[in-house]
Structure formats: structure tokens, C-alpha cells
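J.: Give me a 3D structure for the following:
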Amino acid sequence: MGTKLYIKTFGCQMNEYDSQKTADILKNERNVIVTDNPDDADIILLNTCSIREKAEEKVYSDLGRLRKLKDKNPKLKIGVGGCVATQEGLNIKKRAPYVDLIYGPQTLHKVSGLIDKSEIKGIKAIDITFPIEEKFDSLPDPVSTGPTSFVSIMEGCSKYCSFCVVPYTRGEEVSRDPEQIFNEVARLAEQGVSEITFIGQNVNSYKMPYKGRFLRLSDLIQITSNIEGIERIRYTTSHPLDMTDDLIEVYRYVPQLVSHLHLPVQSGSNEILKRMKRNYTTELFEEIIYKIKEIRPDLRVSSDFIVGFPGESQQDFEETMSLVKKIKFDSSYSFIYSARPGTPASKLNDETPMEEKKERLFKLQSTLDSFHKGYSEALQNSIQRCLVTGVSKKSTGQLQARTECNRVVNFDFQNHSLIGKLVDIKINEAYSNSLQGTLIEYN
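T.: Reported below is the predicted structural model:
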């Protein structure tokens, strides 16, 4: 039996991508076998996220449970990676001395060496530096795990919003070499991947020199659309300041680019946006959405919202509600503000009672849910072009697909050769988290 690896991933798509790449590296360099059971593992890695409140304590809580496994098996290697590793650094070693290695998001390519280093007594196997280009250069050849795949095109953030830790845990924005991106997409397409999602902290800030000019995200989308086998293209997470006209126009020329946009707005109050240091107004945000909807009237927009930011008045919150009702957002993420250590916003005075914040969040989420439900119900009796992604989680006699607006559709069909293909499905029923349909036609 080979060495068994267990990875627990916290947070966003970037962390999911990093975990997959870490596993691929260890498969290549140490011939590991990935397991879903930490009790069986020889190596356990926690790929952490520091965006939400008490993220550090959740990691330490997990480490406390893993200590029991270490007591049973002293040869077990325990590692902490990701943003909490960068934020906490040596504190992890002080609070959990049984941890063998600590690495940041930009040093995951060094994990195998850090495991070896941890064998040497007295040596601290810690690397939380920011060699982003080196990380990109060290990534192994991509291996598909299904018909959809993430492709990282940039990392870090240079926006420095007052509430966010990302610039401190992942570093400044660095874009990836275009040739690396195109090669990765082409290799994935050869393996049967039909849908590519470009990812980055601010994915639409991508900018790199290429053959005498600068390429932007819009160029990556256009070039990728010409790679044989790529049927759909998505990107996340984007920033309103980088929704430039060239990116808006690409919706007109690239049919593979889905009519679904995730664009975090955070608040509908210009005063709160100023406190957040977002550097745009709600008027600019609305203008972006309306420009794209002129090209794609069926565009569905999802977003991120922070409720109860320090200084948010009832009027500020009502302005957020007004924006939500105007845009009629689809599925969105909304949270009560939580202060992150070391961020400027953590020093702001916050006088709003938690009970009031909870009431605002409930009101916001109820409205967002009503729009999401309404959009789903509006799909009933329509025919949707869907990408078949695998076997349904509800029944082995059904397959599962996704609409352009990212809704799960379950339909009766047992021929797995459809996986990875675009099909037409008539939507019969709309449920809270999925749709039920009937297969109409497939290529």
C-alpha cells in the first residue's frame, strides 16, 4: 500500500484549486494515494482560509482532534497550509507543536520538501513566503477530475479593501504566464474537460505581456474559446473596478462565455463602500450590469454582501436593499461583518447591536432567496442548454447537469457517455436547490 494523503479544504475556489494541485504534486513526488478518511492517512494537510470570523480557532480546534491521531501514530505527518498558515506562522508551532510543516498558499509546491525537512530534528519545516511566479512555474501537468475544471490565472490582491486579509495572506496581484494558462486548458480539454472556470482573487485584473501586447482576461476568454473541446467558460471572483469595456464586449463575441456573472458589490451604500475602500459607487456597479444586459438580456448576476459593517446605519442598509431589488440578484453570499486581525476596518468603532445585524441579514437573505426561487420557477417548461457533469447525487439512475446560470438539473438517463456533453433539457420542476428535467436532445 502506498502513502495515504488526506486534505481538508476550507474556503474558496482558489483553495480547492490549491488542494488539487498539492495532491497532484505529492502523487508525482511521493506516489501518494488520496483518502477521504483521516484515520487511515499517513499525511494530513489542512488547507485553511482566513476570510471568516474565528477562522484561526476553527483550525486549532481541528488540530486538537488530529493530535489524538498523532498520539496513535507518531509517524503521521500533519501540515497546515493556506491563508491561516501565513497569518499565524510560528504561532501554530507554539500552540500545536506536533504540527510537522507549515506552508502558505504560494509555497504549496514545496510541500514534499517540507515533509522531508520535518524529519530532521530541530529544523522548523515552515515556508510562508510569497514566490508566486515560482509556484506557477512548479505546478504539475493538470489532471482532470471531471468535465469541469478550475484554472488559476492570477493570485493575490492589490486592492486593500479595509475589511479584507487577502493582500496580507496571499500577497500582491501577480498574473500567470499566458502560455502556461493556454497549455493547461489544452491539456484539460484533451482529457475531456468541457467547462473552464478562470479563478483568481481579482480574476479580471489579469494583465500580462504576450507577443508584443498586453493580454487581459477578455483576451484569455477569446483565445480559450478557440481551443477544441471547450464548450463553456466562466470566471470568478471579479472586482467592479476591473470590469472594463473590453471584458464587457467579450460577451458579444464569445458564445461559450456563460450568461452568469458573480460580481461582489458588498454594500448598496456609497458611504459604506467608501469606508470599505472599495473605490467605486453603486452607480458604477449598476452601469456595468446594465451594459452587459444590453448584450445578454438573460444575464444572471450573483454577488457578495457584508451586513453590519462598522458605521452602517439603517439608511445605509435600506440603500443595500434598494440595490438588491433593482438588480434582482440571483444566488448570492451574504454575511454579518466580522473583524479580521490586522485590517484597517478592525479598528473602526462598531456600535450596531448584533441582534440588529442579524435582523438585517435575515431581511436581506429572504429577499435574495425570493429572487433565486423566482428565477428557478421561471425556468419551468423551458428548454435549457445544460452541461452534463456526472451521476445525480439523488439517484444512480439519473444524471446531473448544470444550466448556464449554474443550477443543478437532475434527469432520467443511465448512459454515462453523456457526461461532459451539452444537452437540451426541458425543465419540469423547480425545487429549492435543484431542477428536475427531461432530456430532449444531445449531440
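J.: Buried residues in the longest helix seen in the chain, which are they?
T.: If you go by DSSP state H, the chain has its longest helix at helix 354-378. Within helix 354-378, the residues that count as buried by 16 or more other Cβ atoms under 10 Å are 357, 360-361, 363-365, 367-368, 371-372, 375-376. All C-beta atoms are positioned from the backbone trio N, CA, C, and that covers glycine.
J.: I figured G200 was touching Y206, is that so?
T.: Yes: look at G200 against Y206 with Cβ atoms under 8 Å: they come within range, at 6.6 Å.
J.: Overlap of the contact sets of the two?
T.: 153-154 (Cβ atoms under 8 Å, 6 or more residues apart in numbering).
J.: Among these two, which residue is more densely surrounded?
T.: G200 (29 against 25; other Cβ atoms under 10 Å).
J.: Give me the pLDDT value at the closest residue in space to the more buried one that isn't next to it in sequence.
T.: In space, and not counting its chain neighbours, G200 is closest to M154: 3.9 Å by Cβ to Cβ, 6 or more residues apart in numbering. We note a pLDDT of 94 for M154 in this prediction.
J.: how much space is there between M154 and P142?
T.: 17 Å (Cβ to Cβ, to the nearest Å).
J.: More neighbours: which of these two?
T.: Legend: neighbour count by other Cβ under 10 Å for M154 and P142, higher for M154 (24 against 21).
J.: Contact partners for that one?
T.: Counted by Cβ under 8 Å, 6+ apart, M154 has contacts 173-176, 200-203, 205-206.
J.: and the residues you listed, which are buried?
T.: Among the contacts of M154, those buried by neighbour count (16+ other Cβ under 10 Å) are 173-176, 200-203, 205-206.
J.: Of those residues, which is the nearest to T107?
T.: V174 (13.8 Å; Cβ to Cβ).
J.: That closest one is in contact with G156, isn't it?
T.: Yes: V174 is in contact with G156 according to Cβ under 8 Å; the separation is 5.4 Å.
J.: got any ranges where the stretch 101-250 of the chain has weak pLDDT?
T.: 121-124, 132 (pLDDT under 70).
J.: Go again with 80.
T.: 119-125, 127-135, 138, 140 (pLDDT under 80).
J.: Same check on the stretch 251-400 of the chain?
T.: In the stretch 251-400 of the chain, no residues with pLDDT under 80.
J.: Show me where it has its strands.
T.: 260-262, 300-302, 304-307, 333-336, 383-391, 398-402 (DSSP state E, counting those that start in this stretch).
J.: per the record, what domains does the protein have?
T.: 4-127, 137-378, 380-439 (the TED database).
J.: tell me the secondary structure for the residue nearest to L66 when sequence neighbours are not counted?
T.: Nearest non-adjacent residue to L66, counting by Cβ to Cβ, 6+ apart: I78, 5.6 Å away. Judged by DSSP: H, G, I helix; E, B strand; the rest coil, the three-state class of I78 is strand.
J.: Surely I78 touches P97?
T.: No: in this structure, I78 is not within contact of P97 by Cβ under 8 Å, at 10.7 Å.
J.: So for the two, which sits in the more crowded spot?
T.: I78 (23 against 9).
J.: how close does the more buried one sit to H372?
T.: From I78 over to H372 (counting by Cβ to Cβ), the distance is 40 Å.
J.: Please apply the same query to L399.
T.: 23 Å.
J.: what's the angle from the helix or strand harbouring I233 to strand 398-402?
T.: Using DSSP states H and E, I233 falls within strand 232-236. Per axes from the mean of the first three to the mean of the last three Cα atoms, to 10 degrees, the angle that strand 232-236 makes with strand 398-402 is 60 degrees.
J.: what about the helices in the stretch 151-300 of the chain?
T.: 166-170, 178-190, 217-224, 245-253, 270-275, 282-295 (DSSP state H, counting those that start in this stretch).
J.: Same list, those, but as TSV with distance to L114 please.
T.: Below are the helices of the stretch 151-300 of the chain laid out as TSV (distance: least, Cβ to Cβ, whole Å):
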stretch	distance to L114
helix 166-170	18
helix 178-190	24
helix 217-224	32
helix 245-253	38
helix 270-275	40
helix 282-295	42
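J.: Which of those helices sits closest to I419?
T.: Closest approach to I419 among the helices of the stretch 151-300 of the chain (Cβ to Cβ): helix 178-190, 14.9 Å.
J.: what packs against that closest one?
T.: strand 148-152, strand 207-210, helix 217-224 (3 or more Cβ pairs under 8 Å, 6 or more residues apart in numbering; DSSP states H and E).
J.: Output the contacting helices and strands for the longest one.
T.: What it means is helix 217-224. So helix 217-224, by 3+ Cβ pairs under 8 Å, 6+ apart, packs with helix 178-190, strand 195-199, strand 232-236, helix 245-253.
J.: Nearest to K426, out of these?
T.: Closest to K426 of the helices and strands packed on helix 217-224, according to Cβ to Cβ: strand 232-236, at 20.0 Å.
J.: what's the spacing between the closest one and its chain's center?
T.: Put simply, strand 232-236 sits 12 Å off its chain's centre (Cα atoms, centre = their mean, to the nearest Å).
J.: which residues touch that strand?
T.: 13, 194-199, 203-204, 217, 221, 224-225, 254, 256-258, 260, 262, 387, 404, 422.
J.: mind running it again at 7 Å?
T.: 13, 194-199, 203-204, 217, 221, 224-225, 256-258, 260, 262, 387 (Cβ atoms under 7 Å, 6 or more residues apart in numbering).
J.: next one: stretch 120-137
T.: By Cβ under 7 Å, 6+ apart, stretch 120-137 touches 85-86, 89-90, 93, 100-104, 106-110, 114, 117-118, 155-156, 171, 174, 176-177, 180.
J.: And that stretch, what's buried?
T.: Applying 16+ other Cβ under 10 Å to stretch 120-137 flags 125-128, 130-132, 135-136 as buried.
J.: so can I have a markdown table of the residues you listed showing secondary structure and distance to F163?
T.: Formatted as a markdown table, the buried residues of stretch 120-137 follow (DSSP: H, G, I helix; E, B strand; the rest coil; distance: Cβ to Cβ, whole Å):
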| residue | secondary structure | distance to F163 |
| --- | --- | --- |
| A125 | strand | 32 |
| I126 | strand | 28 |
| D127 | strand | 28 |
| I128 | coil | 22 |
| F130 | coil | 21 |
| P131 | coil | 27 |
| I132 | helix | 23 |
| K135 | helix | 26 |
| F136 | helix | 28 |
